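Novice: make a model of this:
(2 chains)
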Amino acid sequence: MTGETATIVAETGDFNGDGRPDLAMAYQQNLNFQPVSINVVLYLNNGNGFTNAGTVWKFAMLAGSQGGVNYHSTPEFDLLVGDYDADGHADLALRYLIANDPTTADANLVILYGNGAGKFTPTTVFANRESFLQFDSADLNDDGRTDLVGVDLDHSIHIF
Amino acid sequence: MRLGAICCAAAAQTTFSPKYVAINQYPQHRLQADLNGDGIPDVLISENNGQLKELLSNGNASYTAVTPSAPESAYTPLASGDFNGDGKNDVFFYDATGGSKLFVVGTETGKAASVPFSRRRIYPE
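Specialist: Numbers count the residues shown, from 1 in each chain, chains lettered A, B, ... in the order given. Modelled structure (predicted):
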């Protein structure tokens, strides 16, 4: 991770199946104070420290756009760990806001399905949704698959 | 599972008695982790002046606030876990200042490839 970064979030999970908790981090990459991309970077726990396993997902932001901001005027995204496909491997869920004009911020939700060996396959759940405020995940119906829960702008609760 | 309460929506109504804990400044990051090894989740908060504050749970919905000493105050707590496998909880910090004393991530120099655990193991002491 080099250069300017804005808000950063991290979650732990065993992403390569060696029994050690690893770290996944999501952050906004800036250049000259302008947003460039949203990145998810994997740090693998080698038992004696963390090894940078590189960027596992990247979203290139349009010139002139900016990350959605919360009331602290900082880019907003959430990163969650769960087993969303019940294959026994840790997956990642990322919610991020993108503002293409000053008045609205659209929510995006992507699942990065882990293969248990440090690789991920991204699947977009939705993009450019008007709003998707709070976000969390749990296995709500006890089927072994982690479910996603979000609250929309109209206060309705959505379960995925 | 952070939304554990959802599973019980059909059960008898649960009431919560909120307890308020006074902290200084404005909390920016908060992390739930067992900071003192008593098996009870505590809360670690970074305030907008860079100061860290520990809220150590007494297990009865009351907390003892502790302000760590200065060297930790520039770091943002991002994640917790037993990273070095010694059975004790660790806290992963992000260093936004480039000062690189604990865990160096996201600095201008990008020296984040590998950092020994011992350098950033500051909780619990």
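
Novice: which pLDDT does the model give residue A:117?
Specialist: If you check residue A:117, the pLDDT there is 95.

Novice: state the distance from the closest residue to it other than its chain neighbours to residue A:46.
Specialist: Distances taken as CB to CB, 6 or more residues apart in numbering or on different chains place residue A:16 nearest to residue A:117, at 5.8 Å, with adjacent residues excluded. For the C-beta atoms, the positions are set from N, CA and C on the backbone; glycine is no exception. Distance of residue A:16 to residue A:46, computed by CB to CB, to the nearest Å: 10 Å.

Novice: settle it for me: which of the two has more neighbours?
Specialist: Taking neighbours as other CB atoms under 10 Å in any protein chain shown, residue A:16 and residue A:46 compare with residue A:16 leading, 21 against 15.

Novice: pretty sure that one contacts residue A:24?
Specialist: No. The criterion here is CB atoms under 8 Å, and residue A:16 misses it with residue A:24 at 11.4 Å.

Novice: quick revisit: quick one: the residue nearest to residue A:117 is in a helix?
Specialist: No. Applying DSSP: H, G, I helix; E, B strand; the rest coil, one finds residue A:16 to be coil, outside a helix.

Novice: need the contact list for it.
Specialist: The contact partners of residue A:16, by CB atoms under 8 Å, 6 or more residues apart in numbering or on different chains, come to A:22, A:44, A:116, A:117, A:118.

Novice: spell out which parts of chain A neighbour chain B.
Specialist: Proximity of chain A to chain B (CB under 8 Å from any CB of the partner chain) is limited to residues A:1-3, A:5, A:8-12, A:20-21, A:23, A:25, A:27, A:43, A:45-52, A:72, A:136-140, A:142, A:149.

Novice: give me the buried entries from those residues.
Specialist: When those are checked for burial by 16 or more other CB atoms under 10 Å in any protein chain shown, the buried set is A:1, A:5, A:8-12, A:20-21, A:23, A:25, A:27, A:43, A:45, A:49-52, A:136-140, A:149.
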